[in-house]
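# Below are the sequence and a predicted model; questions follow.
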Amino acid sequence: EAQVTQNPRYLITVTGKKLTVTCSQNMNHEYMSWYRQDPGLGLRQIYYSMNVEVTDKGDVPEGYKVSRKEKRNFPLILESPSPNQTSLYFCASSLYGDEQFFGPGTRLTVL
Amino acid sequence: AQKVTQAQTEISVVEKEDVTLDCVYETRDTTYYLFWYKQPPSGELVFLIRRNSFDEQNEISGRYSWNFQKSTSSFNFTITASQVVDSAVYFCALSGTPWGNEKLTFGTGTRLTIIP
């Protein structure tokens, strides 16, 4: 089944404790992206990747890192999480010029 | 810069009524794509439709229809004979020319509640 998976789905952590949210797709998509969703703001892009080893900042990259060592994986890294990173995070992937497939979301709470 | 405006924050209608969700967009691109996504209470994003800027034909899919008007930069979504299962947050989104950052610029969403 074609899908984008994210882990964990729910995470409660404390300020400053490094964490990684994994994203994996099985559709051989070149393009992958991370968004965060906050009430009243819709979804905003954090980082994107156009292919292996090619990543770039989106609209709200501060406090996040990403890597793309393999085509299927695009982890989101929070080196030192802060409460303002409490949000719902979505990973997405697509072939160029096609619809984006979204993962199920990761709800992160930073205390 | 791209922008999507969904002026209706929340809408409530009684079941079986028709409802239209408004979406107005801004872009300088000549080629762009418009989308609608549904986010049910379970939280996932469900793709509903994708439209490119060269195709202004209205689209109908069952009880759903979309009206794309470049002259007013609008891409409105109508649900006919609404049902309780239509209750969700609906997002309109815009992306620019492909083969680059295919970032989706989202509106802030419209929360639709269907009252049984």
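Sure, I can see it.
# For A:Arg72, give me its contacts.
Neighbouring residues of A:Arg72 by Cβ atoms under 8 Å, 6 or more residues apart in numbering or on different chains: A:Ser24, A:Gln25, A:Asn26, A:Asn28. (Each C-beta comes from the backbone N, C-alpha and C, glycine too.)
# Return a ChimeraX selection command for the buried portion of those residues.
Buried residues among the contacts of A:Arg72 (16 or more other Cβ atoms under 10 Å in any protein chain shown), as a ChimeraX selection:
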select /A:24,25
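# ok, so of the contacts of A:Arg72, who is nearest B:Gln69?
Nearest to B:Gln69 among those: A:Gln25, at 34.4 Å, using Cβ to Cβ.
# about what we covered before: for the contacts of A:Arg72, give me JSON lines that also has secondary structure and distance to B:Arg28.
Conversion of the contacts of A:Arg72 to JSON lines gives the following (DSSP: H, G, I helix; E, B strand; the rest coil; distance: Cβ to Cβ, whole Å):
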{"residue": "A:Ser24", "secondary structure": "strand", "distance to B:Arg28": "35"}
{"residue": "A:Gln25", "secondary structure": "strand", "distance to B:Arg28": "31"}
{"residue": "A:Asn26", "secondary structure": "coil", "distance to B:Arg28": "36"}
{"residue": "A:Asn28", "secondary structure": "coil", "distance to B:Arg28": "32"}
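# With respect to chain B, which of the contacts of A:Arg72 is nearest?
Nearest to chain B, judged by Cβ to the nearest Cβ, of those is A:Gln25 at 14.3 Å.
# Give me the phi and psi angles of the closest residue to that closest one other than its chain neighbours.
Using Cβ to Cβ, 6 or more residues apart in numbering or on different chains and skipping residues adjacent in sequence, the residue nearest A:Gln25 is A:Ser93, 4.2 Å away. Per-residue torsions, A:Ser93: phi -140, psi 160 (degrees, to the nearest 10).
# Okay, A:Ser93 and B:Tyr32: tell me how far apart.
20 Å (Cβ to Cβ, to the nearest Å).
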